[in-house]
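Okay, structure incoming, though there's no sequence with it:
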């Protein structure tokens with residue numbers, strides 16, 4: 001099993017290029033189930049979740065060519081696809097459940113394993129299933145699988161999600177594109193990754209209108225066209241490198257991003273004392289002075305993202321004073337706290353709230369990653385530890401961060417992958 005060894009005390013300076021968004025790539029890949037035309041997707045990140053999704057599509061019967069050197073995927077469905085998505089491909093990837101909507105819409109039947117992914121909470125898919133039922137699907141859950149059918153096809157209707165869910169918005173949105181009539185979605189997610197999916201679907205011919213920030217109307221169609229699409233940048237990766245530079249008092253240029261998409265995160269970091277200069281397609285991060293404490297509440301976009309919660313916590317360990325975090329998206333997302341405590345962090349938790357006492361020295365330790373974002377927070381902590389840190393179970397990290405040790409090494413970190 002692979003692990004990362006990090007020797008702390010080095011500044012993260014230089015230039016880093018941000019990869020395409022994993023969370024945008026996965027639903028776009030899934031949506032290609034709807035079309036028989038050739039689709040080309042560019043700027044895809046070379047991460048394990050994307051590799052798993054391409055393997056899943058190949059298993060269903062899609063012709064997939066993954067050019068990793070050019071970060072490009074070509075997909076074409078030359079014959080009808082299988083409608084069975086097995087557990088061994090969904091057990092490590094939450095986004096696998098998104099195949100349910102398009103398979104059901106196009107083929108009127110689907111058998112999809114209940115998904116796995118990170119151990120950060122239950123993340124039930126009831127919202128997905130209830131919406132599809134309202135569209136005419138009959139659904140049963142047996143032996144760990146969702147078994148769905150819609151003999152007469154899905155039909156358009158009005159759906160108001162009981163809570164904001166990125167996955168449910170994407171699943172139903174894709175399905176609605178191949179559904180009879182008009183589907184009206186309310187209380188939708190408005191994450192940039194959802195908009196990137198909409199932009200792709202429009203390119204292949206889908207009729208989608210955003211009516212305000214959380215309302216989407218979709219008119220179903222039955223024939224799509226070929227298209228080429230470039231995936232947006234990964235805002236969580238970008239935020240992670242901004243925090244890495246701030247933690248280590250570095251001077252880092254972060255390329256291939258759209259800063260306006262990250263306005264709230266950037267403004268928060270500025271309030272904490274991080275100097276961030278925004279340009280059209282990059283930012284420059286400098287942090288010379290002391291870090292100030294902050295109070296953060298995770299919320300759906302445009303609020304502070306839960307996927308940056310673990311990383312900002314590490315910055316708070318080095319801040320002046322006491323900071324707080326309230327996690328309002330997932331109920332079990334402080335699993336990194338126990339490992340940070342082993343490094344010397346003073347953090348108190350009470351339910352979904354954490355209190356972080358700053359100005360704390362971190363000491364290197366052997367650590368265990370529990371999920372994707374927790375694992376990268378341990379890497380960040382290792383960058384500012386007094387000696388050597390070893391992070392085990394980095395397969396979590398590889399699910400969502402492309403060549404992290406190479407990118408950090410190119411910016412001055414002393415980090416290497418061990419087997």
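Nice, I can see it. Just so you know, these numbers come straight off a predicted model, no measurement behind them. Residues are numbered from 1 along each chain as shown.

Please state the backbone phi and psi of the residue nearest to residue 168 when sequence neighbours are not counted?
Leaving aside its sequence neighbours, residue 168 sits nearest to residue 127 (Cβ to Cβ, 6 or more residues apart in numbering; 4.1 Å). Using the backbone N, CA and C atoms, a C-beta is placed for each residue, glycine as well. With angles defined as degrees, to the nearest 10, residue 127 sits at phi -60, psi -40.

Let me know whether residue 127 touches residue 161 as I believe.
Yes. If you go by Cβ atoms under 8 Å, residue 127 and residue 161 touch, sitting 5.9 Å apart.

Find residues that contact each of the two.
Shared contacts of residue 127 and residue 161, defined by Cβ atoms under 8 Å, 6 or more residues apart in numbering, comprise residue 168.

low pLDDT regions in this protein?
116-123 (pLDDT under 70).

Okay, domains of it per the record?
The record, using automatic domain parsing to delimit domains, assigns the chain the ranges 3-19+233-418, 22-230.

what about residue 174, is that helix, strand or coil?
Taking DSSP: H, G, I helix; E, B strand; the rest coil as the rule, one finds residue 174 in the helix state.

which residues touch it?
Contacts of residue 174 by Cβ under 8 Å, 6+ apart are 27, 30, 31, 33, 34, 98, 101, 102, 105, 197, 201.

same deal with residue 71?
Listed by Cβ under 8 Å, 6+ apart, the contact set of residue 71 reads 19, 20, 42, 43, 44, 45, 46.

Repeat that for residue 195.
Applying Cβ under 8 Å, 6+ apart, we find residue 195 in contact with residue 210.

cool, and the one 5 residues further on?
Residues touching residue 200, when contacts are defined by Cβ under 8 Å, 6+ apart, comprise 28, 31, 41, 227, 229.

how many neighbours does residue 257 have?
Residues near residue 257, counting by other Cβ atoms under 10 Å, number 25.

Could you check which helix or strand contains residue 311?
Assigned by DSSP states H and E, residue 311 belongs to helix 309-317.

elements contacting that helix?
helix 235-247, strand 322-326, helix 337-342, strand 346-350, strand 353-357, helix 372-383 (3 or more Cβ pairs under 8 Å, 6 or more residues apart in numbering; DSSP states H and E).

ranking these by burial, who's on top?
Ranked by mean neighbour count, the helices and strands packed on helix 309-317 are led by helix 372-383 with a mean of 28 (mean count of other Cβ atoms under 10 Å).

List the neighbouring strands of the helix or strand that comes right after that helix plus their orientation.
Note on helix 372-383: by DSSP H and E, the next helix or strand toward the C-terminus is strand 388-392. Applying DSSP bridges, strand 388-392 is found paired with strand 3-7 (antiparallel), strand 366-368 (parallel).

can I assume residue 266 sits in a helix?
Yes. Assessed with three-state DSSP, residue 266 lies in a helix.

Do a quick rundown of the helices in the stretch 51-200 of the chain.
Along the stretch 51-200 of the chain, counting by DSSP state H, counting those that start in this stretch, helices occupy 87-90, 100-107, 126-134, 166-176, 192-203.

Which one, of those helices, ends up nearest to residue 382?
The closest of those to residue 382 is helix 192-203. By Cβ to Cβ, the value is 28.4 Å.
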